[in-house]
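**Student:** Coordinates for the following, if possible.
(chains A and B)
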Number of protein chains: 2
Amino acid sequence: MRYLMTFSYDGTNYNGYQKQPNKNTIQDEIELALEKINNKKITIHASGRTDAKVHALNQKAHFDLEKEIDENKLKKAINSLTSDSIYIKEIEKVKDDFHARFDVVEKEYVYKINIGEYIPTDRNYIYQYNKKLDIKEMKKSFKYLIGTHNFKSFTKTNIEKEDYIRTIYDIDLIENEDIIVLTFKGNGFLRYMVRNIVGTLIEIGENKRKSSELKHIIESEDRTLAGKTASPVGLYLKDVKYKI
Amino acid sequence: MRYLMTFSYDGTNYNGYQKQPNKNTIQDEIELALEKINNKKITIHASGRTDAKVHALNQKAHFDLEKEIDENKLKKAINSLTSDSIYIKEIEKVKDDFHARFDVVEKEYVYKINIGEYIPTDRNYIYQYNKKLDIKEMKKSFKYLIGTHNFKSFTKTNIEKEDYIRTIYDIDLIENEDIIVLTFKGNGFLRYMVRNIVGTLIEIGENKRKSSELKHIIESEDRTLAGKTASPVGLYLKDVKYKI
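**Tutor:** Next up is the predicted model:
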């Protein structure tokens, strides 16, 4: 029996989503809870990893159980066994061939930046940039990024990986007083891709680069031409969509 | 030379604002920073204490220094010596007879409640009530609380303390999706007064009590008739005002 789980987490005190030897990760904690419930090791397969300190509002993962368990009871059982940094929102039965990573059709990320004064209570949830940015110039950048491109300039290059082609459906920027909220929707994002795009957008907002440089940065397929990797603080995996 | 300091803090990991023997408090941390800067013990006098886990957006405190220091340099020096949970926003020179507690003319507190689903990233910043509340009935309560009353029913009774008279200028409730933001403005608030009022308002929102009961609760001057003390999580000291 295959189950799909929707869950949220506060990544502040974790070494990211993905299981690592002797590291405190979201996946480890949920799998440990499932092991206690089932008296058997269970592997969960998420839509993708998130880095250390990155949050999720609606992460998705599938897993298989030999015996059928009521979805609501299972949800309550996992929530009672995980810390208050992790919350299982929903569990539903899915077809045996459903895959939480391979079947993704859209992912949405949000990145929050404080361009006003430092706020202690937001320090793990909104990137405390604390200086003004040229929002107009940042917005001009979006047209270069939206669409289907080779995003090799915005990821950690990996010899084995050959497919750097991704489609960004939309980028949006909303200003709410001193908080900037950037939204990225696409069919998938490479490792560090959102943070590297945000880092480049910040340099554009600092007027250190022009938005029009993005065309060349993308075409070059050269990581060294793009901006710095932005802080993981401020990044949220907001949603993951599947074909229905 | 007397200085007035405006500062914000994340109360999550502190045993409240006020100095206590062998406890980790906001006051201890700022006084330690001032001691390092001045090579001398300095006492800071805040507008009032805040409980463990309560945050401040604009707390105020005064202190005296023998030698004059540039306000901006002093701000930077304290910020470099305190943790990222505390932030000094402004330091200004004030008259020798100014007192950060006795000269208060208005205080503003905010209390945030999540009546929707549990959100891990908000767990230390918004009270996770996670059930619906009867907002309309809660709003009907405000007229009983606003004004000058003896608030003995809403505080920790203290034999030495005789004056339980306070004036609440205004109470406001804003709904932003599933987040309720309550704002309280008054000339001063007794210990636990905001949390005890919020606890009572929640019981009214649960329809366990009627808003009209508040008249009797206030008149009784009996703490046992009011509601439970609400969680410190969700409470923020938002502003402190002085005569100019």
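
**Student:** ok now stretch A:101-115, how far from the chain's centre?
**Tutor:** 5 Å (CA atoms, centre = their mean, to the nearest Å).

**Student:** With just CA atoms, put it into PDB.
**Tutor:** C-alpha atoms of stretch A:101-115 as PDB (Å, rounded to 0.1, in the frame of the first residue of the first chain):
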ATOM      1  CA  ARG A 101       9.900  12.800  -7.000                       C
ATOM      2  CA  PHE A 102       9.500  11.600 -10.600                       C
ATOM      3  CA  ASP A 103       5.900  12.600 -10.900                       C
ATOM      4  CA  VAL A 104       6.300  16.300  -9.900                       C
ATOM      5  CA  VAL A 105       4.900  18.700 -12.500                       C
ATOM      6  CA  GLU A 106       5.400  21.900 -10.600                       C
ATOM      7  CA  LYS A 107       7.300  23.200  -7.600                       C
ATOM      8  CA  GLU A 108       7.000  26.500  -5.900                       C
ATOM      9  CA  TYR A 109       9.600  28.100  -3.700                       C
ATOM     10  CA  VAL A 110       9.400  31.300  -1.700                       C
ATOM     11  CA  TYR A 111      12.300  33.500  -0.600                       C
ATOM     12  CA  LYS A 112      11.800  36.300   2.000                       C
ATOM     13  CA  ILE A 113      14.200  39.200   2.500                       C
ATOM     14  CA  ASN A 114      14.000  42.000   5.100                       C
ATOM     15  CA  ILE A 115      15.300  45.200   3.600                       C
END
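
**Student:** Buried residues in it, which are they?
**Tutor:** Of all the residues in stretch A:101-115, those buried under the rule 16 or more other CB atoms under 10 Å in any protein chain shown are A:D103, A:V104, A:E106, A:K107, A:E108, A:Y109, A:V110, A:Y111, A:K112, A:I113, A:N114, A:I115. Every residue, glycine included, has its C-beta placed from N, CA and C.

**Student:** partners of the strand or helix carrying the fifth one, with directions?
**Tutor:** Remark: A:E108 resides in strand A:104-114, with elements defined by DSSP states H and E. Paired strands of strand A:104-114, with direction, are strand A:127-128 (parallel), strand A:179-186 (antiparallel), strand A:235-242 (antiparallel) (DSSP bridges).

**Student:** Contacts made by that strand with the rest, please.
**Tutor:** Contact partners of strand A:104-114, identified using CB atoms under 8 Å, 6 or more residues apart in numbering or on different chains, comprise A:47-48, A:57, A:122, A:125-130, A:133, A:169, A:178-189, A:194-195, A:198, A:202, A:230, A:234-243.

**Student:** what sits against A:R195?
**Tutor:** Counted by CB under 8 Å, 6+ apart, A:R195 has contacts A:D51, A:Y111, A:T229, A:A230, A:S231, A:P232, A:L235.

**Student:** which of the residues you listed tops the neighbour count?
**Tutor:** A:Y111 (27 neighbours; other CB atoms under 10 Å in any protein chain shown).

**Student:** In the sheet, which residues pair with that residue? Tell me.
**Tutor:** Going by DSSP bridges, A:Y111 forms beta bridges with A:L182, A:L235.

**Student:** separation between it and chain B?
**Tutor:** According to CB to the nearest CB, to the nearest Å, A:Y111 stands 14 Å off from chain B.

**Student:** any idea of the mean pLDDT in the strand holding A:E108?
**Tutor:** Average pLDDT, strand A:104-114: 98.

**Student:** now do stretch A:145-162
**Tutor:** Mean predicted lDDT for stretch A:145-162 stands at 88.

**Student:** Could you tell me the end-to-end distance of that stretch?
**Tutor:** In stretch A:145-162, first residue to last residue: 20 Å (CA to CA, to the nearest Å).

**Student:** With stretch A:79-95 instead?
**Tutor:** Using CA to CA, the two ends of stretch A:79-95 sit 24 Å apart.

**Student:** Ok, stretch A:201-221 next?
**Tutor:** End-to-end for stretch A:201-221, by CA to CA: 17 Å.

**Student:** repeat for stretch A:78-90
**Tutor:** Across stretch A:78-90, first to last residue, CA to CA, it's 11 Å.

**Student:** Indicate whether it makes contact with chain B.
**Tutor:** Yes. Using CB under 8 Å from any CB of the partner chain, we find that stretch A:78-90 touches chain B at A:D84, A:S85, A:I86, A:Y87, A:K89.

**Student:** Just send those residues back as CSV, with pLDDT too.
**Tutor:** Putting these into CSV (pLDDT from 0 to 100) gives the following:
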residue, pLDDT
A:D84, 98
A:S85, 98
A:I86, 98
A:Y87, 98
A:K89, 98
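
**Student:** Got a PyMOL select line for the buried ones in the residues you listed?
**Tutor:** Buried residues within the residues of stretch A:78-90 next to chain B, by 16+ other CB under 10 Å, are selected in PyMOL with:
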select buried, chain A and resi 85+86+87+89
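
**Student:** Okay, and which of the residues of stretch A:78-90 next to chain B map to strands?
**Tutor:** A:I86, A:Y87, A:K89 (DSSP state E).
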